[in-house]
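Asker: sequence first, predicted model second:
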Amino acid sequence: MSPSELPLPEAVEKILIWHQGALGDLLLAGPALLAVRRHYPLARITALGHPERWALLTPTLFLEGVWDSATAVWAPLFVEDTPLPPMLRERLAPFQLALVFSPRPHPALLARLVQAGIAAVHWLPSFPLAGEDAVEMVQAAALARLGIAPAGAAFRLLIGDDWADQAPRLSGPGPFLAVAPGSGHTCKNWPLGHYYEATRALAWQHGGQIIWLAGPAEEPILPYLQGLAAAQDHLLLANLPLTAVAATLARCRLYLGGDSGLTHLAATVGVPGVVALFGPTAPRVWAPQGEGVRVLTGPCPQTPCTPGRDITCTEPRCLEYLTVKQVLQTVTALLQGS
């Protein structure tokens, strides 16, 4: 078997998939991961990365286990010219195939995995470092070069049976409308005042129950969100496990948010209407996929102004100029269309 070839499905009992990316990056890799699962339907897959994020994919990919990449046990894989600890060799030896997702290839890491006893080790791009191709297309091309065909269907997360038990029960007839105002970068956020106006109008015009979602990124504005939700009789769910957030979103009719991991989560659990607000980053590359996804950008001639992932814009006027009226028109069309 040459280094560019994959082992045949019947020759693979265990696969290791390494992906340490953020929530959005991991979910964007969903189509590629599903293609691998279908190519090796009988193999047992272990994921290595962020356990809470990978837990979202466990039912969908039938994962055998999830290992935390942040533990020190993996450090020797990044140190060259030293013997691998026997414990690490023993842990990795049962795998016949390892797939490593990362922005750039790490030849030393790949070589160390082979040294640990994994016969076939391949790198896959977790996202494009340049260009305007969608993440899904970049990864599909990389898999095609290895002989793995696309999954052939839209990627959707299966909801675990116990996920809803971790979240507050949603009462009332709905429809439930989820709003996530934060992201990993403040320049990707629609102004909070705009969210306030939009949620007031949505509750008044459509009679929906507004659910605000907040995580670690929203910690600085959490007191404001608590007051805002209480004043409007909205529900605020803060710092829930991601599996609980997924179960909550699966019951929602609409989702409104920016370029964030939760926006990708809303799309992959099948929220019928997902309105994604993009500013400096390129929707063509980073936007979630799905029939119910609508991407809106502000009226700025320089949008998107970020060639890669590094945001250099200091004043995200593109999102400031994206009006509440424009967003409500799109939301209304989605709600009436269903």
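Answerer: Okay, I see it. Residues are numbered from 1 along each chain as shown.
Asker: which stretches of this structure form strands?
Answerer: With DSSP state E, the ranges of strands along the chain come out as 14-19, 44-49, 63-68, 97-102, 120-125, 176-180, 209-214, 235-238, 254-258, 273-278, 293-297.
Asker: in CSV, list those strands along with mean neighbour count.
Answerer: In short, each C-beta sits where N, CA and C put it, glycine included. Converted to CSV, the strands of the chain look like this (neighbours: other CB atoms under 10 Å):
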stretch, mean neighbour count
strand 14-19, 23
strand 44-49, 21
strand 63-68, 16
strand 97-102, 22
strand 120-125, 20
strand 176-180, 25
strand 209-214, 23
strand 235-238, 17
strand 254-258, 26
strand 273-278, 26
strand 293-297, 19
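Asker: give me every residue that touches the closest residue to residue 11 other than its chain neighbours.
Answerer: Nearest non-adjacent residue to residue 11, counting by CB to CB, 6 or more residues apart in numbering: residue 96, 6.4 Å away. By CB atoms under 8 Å, 6 or more residues apart in numbering, residue 96 lies in contact with 7, 11-15, 118-120.
Asker: so which of those residues comes closest to residue 245?
Answerer: Checking the contacts of residue 96 against residue 245 with CB to CB, the nearest one is residue 15 at 27.5 Å.
Asker: my read: that closest one touches residue 95, true?
Answerer: Yes: between residue 15 and residue 95 there is a contact under CB atoms under 8 Å: 6.6 Å.
Asker: between those two, what contacts are shared?
Answerer: Common contacts of residue 15 and residue 95 (CB under 8 Å, 6+ apart): residue 46.
Asker: so what would you say the end-to-end distance of stretch 175-185 is?
Answerer: Terminal residues of stretch 175-185 lie 30 Å apart, using CA to CA, to the nearest Å.
Asker: domain-wise, how is the protein divided?
Answerer: 9-146, 168-337 (automatic domain parsing).
Asker: and of those domains, who's closest to residue 154?
Answerer: For those, proximity to residue 154 was assessed by CB to CB; domain 168-337 is nearest, at 6.4 Å.
Asker: ends of that closest one, what's the gap?
Answerer: 29 Å.
Asker: ok, now stretch 139-154?
Answerer: One end of stretch 139-154 to the other measures 15 Å (CA to CA).
Asker: buried ones in that stretch?
Answerer: Buried positions in stretch 139-154, judged by neighbour count with 16 or more other CB atoms under 10 Å: 139-140, 142-143, 148, 150-151.
Asker: any residues touching that stretch, and which ones?
Answerer: By CB under 8 Å, 6+ apart, stretch 139-154 touches 4-6, 29, 31-32, 34-36, 38-39, 122, 124-125, 289-291.
Asker: only whichever of those are buried, select them in ChimeraX.
Answerer: A single ChimeraX command suffices to select whichever of the contacts of stretch 139-154 are buried according to 16+ other CB under 10 Å:
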select :6,29,31,32,34,35,36,39,122,124,125,289,290
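Asker: now, the contacts of stretch 139-154 that are in helices?
Answerer: Using DSSP state H, the subset of the contacts of stretch 139-154 located in helices is 31-32, 34-36, 38-39.
Asker: which one of those is nearest to residue 224?
Answerer: Nearest to residue 224 among the ones in helices among the contacts of stretch 139-154, with distances taken as CB to CB, is residue 31, at 36.9 Å.
Asker: residue contacts, the closest one?
Answerer: 136, 139-140, 150-151, 155.
Asker: low-scoring pLDDT stretches of the chain, where are they?
Answerer: Applying pLDDT under 70 to the chain picks out residues 1-4, 301-302, 305-310, 312, 314-316, 338.
Asker: ok, which stretches of it are helices?
Answerer: Under DSSP H, the chain gives helices at 23-28, 30-39, 51-55, 58-61, 86-92, 107-115, 135-146, 192-206, 222-231, 242-249, 261-268, 283-286, 317-320, 324-337.
Asker: Throw those helices into CSV and include distance to residue 186, thanks.
Answerer: Listed next are those as CSV, based on distance: least, CB to CB, whole Å:
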stretch, distance to residue 186
helix 23-28, 16
helix 30-39, 27
helix 51-55, 22
helix 58-61, 32
helix 86-92, 40
helix 107-115, 33
helix 135-146, 23
helix 192-206, 11
helix 222-231, 14
helix 242-249, 21
helix 261-268, 15
helix 283-286, 17
helix 317-320, 10
helix 324-337, 19
